[in-house]
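**Student:** Predicted model and sequence below, questions to follow.
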Amino acid sequence: MDNSAAPHAGASPHSRDAWYASLQLPEHELAAAVLSLVEPLGLLVTVKSLATGRYVYASAGMGSLFARGESGLLGLSDAEFLRSEEVQALRRAEQTVMAQRAVVLSDHRLELEGRRREFSVSRTPLGAEHVMAMWVERTEERHRETHLQRALNQIEQQQKTLEQMRRESQQGSGRDDLSGLYLRAQFDDQLLREIDLSTREHREFALVLIALDPAPAAIQVLGEQARQRMLEGLGRMLRANTRAMDAACRIGEHLFAVLLSGVGLATAHARMEQLRRQCTAQIVVLNGQDLGLSLSMGVASFPHTASKQEELLQASETAVQEAQRRGGNQVVLAPIPFGTL
């Protein structure tokens, strides 16, 4: 397609005028063509004279919206089909447009046939006394938002209740209060036992380090309470996705570890990738807002990645740091040294 005659964003007014002139169309034909493309997209257009308060143009959809039949809104004023408070709200918005001489977006709620409907309306001045408006109905969208907010509030209340019950049942157990997982001391003991068992029985196991990724700025402003809620959410996910023979522990402020007994590197990676996906889809709510749960994971195996405790931990730490360096929300395998092949 040849676009050589079309104006570009940085074109001068002179070149834009030349492009328009090349169309050889009367202005009213160009305006009619533009308006004909708008309504199929669900956009309704009006032009009103502020001197008389009457519509001088209204697309067919506007007439249908207000049940005005074939005659539509042409020549009518808002007072003839809207309530007085609705008329005043429209008038204030129109006066703002004329005062600012700029495009203004406003929301309006109208009572139509016994049902409240919601609209976003963008307006722009036309000349000295006319205002063009483009209406978009938001009723169903706002209903969906309301239902979603109610669902999030219910989930939040359920999570609070479950966490309170879990804390009460685990009192005195030596587990982390926020996540419900074992602490660093238990992890160190379990890691030594797993190394000893795997060495004696000539089998492998996997060590996974998990770090909470930094939250988006919009979540960070929620402060400590948001951080605690995410730690609770991660604890729930780890408790639900580890076997009785595994060990899930909180070993740092934002760092967790999972020991997967008798599991090789490939299987551990597959399981952690599944867990990562589940965490991404997990809903963690604070004050009706979904916080999200993004994790970086580093997976190492004994004895293939490393055969000593310190080396195994270092390999996992390096892998989780690499996951974070790549942008987070992913699983990285620690490399297997060639000397162990």
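**Tutor:** Right, received. Where do you want to start? Residues are numbered from 1 along each chain as shown.

**Student:** CA atoms for contacts and neighbours, from now on please.
**Tutor:** Will do.

**Student:** Buried residues in the strand or helix carrying R167, which are they?
**Tutor:** Assigned by DSSP states H and E, R167 belongs to helix 139-170. Of all the residues in helix 139-170, those buried under the rule 16 or more other C-alpha atoms under 10 Å are Q149, L152, N153, I155, E156, Q157, Q159, K160, E163, R167.

**Student:** Report all helices and strands that it contacts.
**Tutor:** For helix 139-170, the packing partners by 3 or more C-alpha pairs under 8 Å, 6 or more residues apart in numbering; DSSP states H and E come out as strand 115-126, strand 285-286.

**Student:** what is the mean pLDDT for it?
**Tutor:** Averaging pLDDT along helix 139-170 gives 86.

**Student:** and after that helix, which helix or strand comes next?
**Tutor:** For helix 139-170, the succeeding helix or strand toward the C-terminus, using DSSP H and E, is helix 184-201.

**Student:** Any chance you could list what contacts that next one?
**Tutor:** Outside of helix 184-201, the residues within contact range by C-alpha atoms under 8 Å, 6 or more residues apart in numbering are 204-205, 247-252, 257, 259, 261-262, 302, 309.

**Student:** Now the element after that helix, going C-ward?
**Tutor:** strand 205-212.

**Student:** tell me how far that following strand is from the chain's mean position?
**Tutor:** 27 Å (C-alpha atoms, centre = their mean, to the nearest Å).

**Student:** what's the angle from that strand to helix 184-201?
**Tutor:** If you take axes from the mean of the first three to the mean of the last three C-alpha atoms, to 10 degrees, strand 205-212 sits at 150 degrees to helix 184-201.

**Student:** Take stretch 288-306, keep the C-alpha atoms, and write them as PDB.
**Tutor:** What follows is stretch 288-306 as a C-alpha-only set of coordinates in PDB (Å, rounded to 0.1, in the frame of the first residue of the first chain):
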ATOM      1  CA  GLY A 288      -9.500  -5.800  48.100                       C
ATOM      2  CA  GLN A 289      -6.400  -5.600  45.900                       C
ATOM      3  CA  ASP A 290      -4.600  -8.600  44.300                       C
ATOM      4  CA  LEU A 291      -1.000  -8.400  45.200                       C
ATOM      5  CA  GLY A 292       0.300 -11.100  42.900                       C
ATOM      6  CA  LEU A 293       3.100 -13.500  43.700                       C
ATOM      7  CA  SER A 294       6.200 -13.600  41.600                       C
ATOM      8  CA  LEU A 295       9.100 -15.900  42.400                       C
ATOM      9  CA  SER A 296      12.700 -16.600  41.300                       C
ATOM     10  CA  MET A 297      14.000 -20.100  41.900                       C
ATOM     11  CA  GLY A 298      17.400 -21.700  41.700                       C
ATOM     12  CA  VAL A 299      17.600 -25.500  41.500                       C
ATOM     13  CA  ALA A 300      20.700 -27.600  42.400                       C
ATOM     14  CA  SER A 301      21.100 -31.400  42.900                       C
ATOM     15  CA  PHE A 302      23.200 -33.700  45.100                       C
ATOM     16  CA  PRO A 303      25.600 -35.100  44.100                       C
ATOM     17  CA  HIS A 304      25.600 -34.000  40.400                       C
ATOM     18  CA  THR A 305      25.700 -30.200  41.000                       C
ATOM     19  CA  ALA A 306      27.800 -30.500  44.200                       C
END
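
**Student:** A306 - that's part of a strand, no?
**Tutor:** No. A306: not assigned to a strand; according to DSSP: H, G, I helix; E, B strand; the rest coil it is coil.
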